[in-house]
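Novice: coords please:
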Amino acid sequence: MTREKLAGSLDKRVPFVMQDGSLEQKAGVSINAENSHVMMCGSSDMITDVSAELVSREMKKHRRRDPGHFTTEKYH
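Specialist: Presented below is the predicted three-dimensional model:
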């Protein structure tokens, strides 16, 4: 994702394209607790916002002793 205007790209922050459904529509997949695992790597703000969106979809953070639906790596 980028905020730049590029032909064929989604030009909003990842949390927004998840909320409005354009990410899933563009990718041709559904992100859900039943059959998805999401890996996030990036800024703390993006990870926090995307995690909140995933939690709203009844998904939970993956932990070694408690498997979940998303994994994160923070570099900031």
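Novice: is it true that residue 36 touches residue 30?
Specialist: Yes - with contact defined as Cβ atoms under 8 Å, residue 36 counts as touching residue 30 (7.5 Å). (C-beta placed from N, C-alpha, C; glycine too.)
Novice: gap between the residue positioned nearest the centre of the chain and residue 43?
Specialist: Centrality entry for the chain: nearest residue to the mean C-alpha point is residue 50, 4.7 Å, by Cα atoms, centre = their mean. Distance from residue 50 to residue 43, counting by Cβ to Cβ, to the nearest Å: 10 Å.
Novice: can you check residue 69 too?
Specialist: 21 Å.
Novice: out of the two, which sits in the more crowded spot?
Specialist: Neighbour totals were compared for residue 69 and residue 43, and residue 69 leads with 20 against 13 (other Cβ atoms under 10 Å).
Novice: residues in contact with the residue nearest to the centre of the chain?
Specialist: Going by Cβ atoms under 8 Å, 6 or more residues apart in numbering, residue 50 touches 14-15, 18, 38, 40, 70.
Novice: give me that answer again for 6 Å
Specialist: 14-15, 40 (Cβ atoms under 6 Å, 6 or more residues apart in numbering).
Novice: can you tell me the helix or strand for the nearest residue to residue 30 once chain neighbours are set aside?
Specialist: Computed as Cβ to Cβ, 6 or more residues apart in numbering, the closest residue to residue 30 that is not its neighbour in sequence is residue 24, at 5.7 Å. Following DSSP states H and E, one finds residue 24 within helix 22-27.
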